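1. mind folding the following:
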Amino acid sequence: MSQSSLDLALYARAPIMTLEGGITLCRVLAESCPAGMPSSVTKAAKRLVETAEAAQVAHTARKKALGKGTDEDSRPIDRAGDNSWSALRGRLQSYAMLPEATYPDARRAAQILAELFGEAGLLFLTESYPEQYAIAESVLRRIDGEHFATDIERIAGKEFLDNVRVQHVAYGKMVAGLLQRETALTQDLGAHVRAMGEELVEYATKVLATVERDEPATITRARTALRPIDAFREATQKRPSGGSTAAEAEGSPENG
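-> Residues are numbered from 1 along each chain as shown. Here you go, the predicted structure:
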C-alpha cells in the first residue's frame with residue numbers, strides 16, 4: 001500500500017452539504033480523530049468543533065427567530081404605547097387651555113408641552129419602532145433629568161405618566177425582540193457552511209500530511225481519520241435525484 005492509494009483530490013474540496021449536515025460532519029470528524037496524531041491535526045480538529053458550534057448557535061437563533069412574533073403581534077404594544085403618549089399630552093393640552101388667572105398651572109402646562117413636544121407634537125409616533133422608542137426614551141429622560149415629573153403628575157395626574165412608563169418598558173422589549181429576530185433572520189447561514197467547508201479541507205490537508213509512503217500504518221491511520229468524509233459523500237450521493245435544494249448548493253464551498 002502506498003500514499004497513492006489515497007485519492008488526495010477527494011479531500012481538496014469539501015463535500016456539498018447543508019448547514020445541519022456540515023455541523024454533524026465536523027463534529028463526527030473531530031471525534032474520530034485517531035489517537036497519536038500530531039498537534040497540527042488535533043488543532044485542526046479543535047477548529048472543526050469551534051466552527052461547527054458557531055454554526056449551531058446561528059442555526060438555533062434562526063429557528064428561534066422564526067418562532068417569534070411578527071409585526072402584527074407588535075401592533076397592540078405599539079398602539080398601547082401611542083395611546084399612553086396621546087393621553088398624557090392630551091391632559092397637558094387640556095389644562096393649558098384653562099384661564100391662567102384662575103389656574104396658574106395652565107402656563108406651566110403650556111411650557112411643558114413646548115419643552116417636551118415642541119411644534120412636532122406626537123409626530124414621532126409615526127416613526128419606525130426603533131426610532132419611536134429612541135425618541136420616547138429621550139423625552140422620558142428629559143422628564144426625569146430636568147425635573148418635569150413633579151409638575152406633570154400634579155397637572156396631568158400621576159396615572160398618566162405612570163402609564164407612559166409602563167408602556168415604554170413593554171415597547172422597549174418589543175423592539176429588542178424584533179431587532180434580534182431581524183438579526184437572526186438576515187444572518188448569512190451560507191457563510192457558516194463555507195467556513196465549515198474550509199475547516200474540513202484544512203483538517204484533511206493536515207491529516208494527509210502525516211502520511212509516509214513507506215509506513216503503511218500512517219496510511220491506515222489517515223484513512224480512518226478521513227472515513228467520515230467518505231461516508232458523508234456516499235450517503236449524500238445515495239439521495240434521490242433532486243434531493244439537494246438550490247439553497248444547499250449555494251451554501252456549499254464548491255459553489256461559492
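2. remind me which residues of this structure are low pLDDT?
-> 1-5, 65, 67-72, 182-187, 239-256 (pLDDT under 70).
3. how much space between Ala110 and Ala96?
-> For Ala110, the distance to Ala96 (CB to CB, to the nearest Å) stands at 4 Å. (Each C-beta comes from the backbone N, C-alpha and C, glycine too.)
4. these two - which one has more neighbours?
-> Ranked by neighbour count (other CB atoms under 10 Å), Ala110 and Ala96 place Ala96 first, with 20 against 16.
5. please verify my assumption that the more buried one contacts Ala106.
-> Yes - using CB atoms under 8 Å, Ala96 is in contact with Ala106, at 5.5 Å.
6. now do stretch 203-212: distance from first to last residue.
-> 17 Å (CA to CA, to the nearest Å).
7. and if you look at stretch 11-20?
-> The straight-line separation of the ends of stretch 11-20 (CA to CA) is 20 Å.
8. next one: stretch 108-122
-> End-to-end distance for stretch 108-122, by CA to CA: 19 Å.
9. ok, and what's touching that stretch?
-> Contact with stretch 108-122 is made by 82, 85-86, 89, 92-93, 95-96, 139, 142-143, 146, 148, 151-152, 155-156, as judged by CB atoms under 8 Å, 6 or more residues apart in numbering.
10. filter those down to the buried ones, PyMOL style.
-> Restricted to buried positions by 16 or more other CB atoms under 10 Å, the PyMOL selection for these reads:
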select buried, resi 82+85+89+92+95+96+139+143+148+151+152+155+156
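11. which residues does stretch 224-232 contact?
-> By CB under 8 Å, 6+ apart, stretch 224-232 touches 6, 10-11, 15, 17, 21, 25, 28-29, 32-34, 37, 41, 200, 204, 207-208.
12. quick one: Thr51 and Ala195 touch, right?
-> Yes - the criterion here is CB under 8 Å, and Thr51 meets it with Ala195 at 5.3 Å.
13. which of those two has more residues huddled nearby?
-> Comparing Thr51 with Ala195 by neighbour count (other CB under 10 Å), the higher total belongs to Thr51, at 22 against 19.
14. list the buried residues in the helix or strand where the more buried one lies.
-> Secondary structure assignment for Thr51, by DSSP states H and E: helix 39-66. Residues of helix 39-66 classed as buried by neighbour count (16+ other CB under 10 Å): 41, 44-45, 47-48, 51-52, 55-56, 58-59, 61-62, 65.
15. got CSV for those residues, with distance to Val175 too?
-> Formatted as CSV, the buried residues of helix 39-66 follow (distance: CB to CB, whole Å):
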residue, distance to Val175
Val41, 47
Ala44, 42
Ala45, 42
Arg47, 37
Leu48, 38
Thr51, 32
Ala52, 32
Ala55, 28
Gln56, 27
Ala58, 22
His59, 25
Ala61, 18
Arg62, 20
Ala65, 15
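16. which of the residues you listed sits closest to Pro216?
-> Using CB to CB, Val41 is the member of these that lies nearest Pro216, at 18.4 Å.
17. give me the number of residues near the closest residue to that closest one other than its chain neighbours?
-> Excluding the flanking residues, the one nearest Val41 by CB to CB, 6 or more residues apart in numbering is Lys206, at 4.7 Å. Look at Lys206: counted by other CB under 10 Å, it has 20 neighbours.
18. could you do the one 3 residues further on as well?
-> Ala209 is surrounded by 11 other residues when neighbours are defined as other CB under 10 Å.
19. and what of Ile135?
-> Around Ile135 there are 15 residues (other CB under 10 Å).
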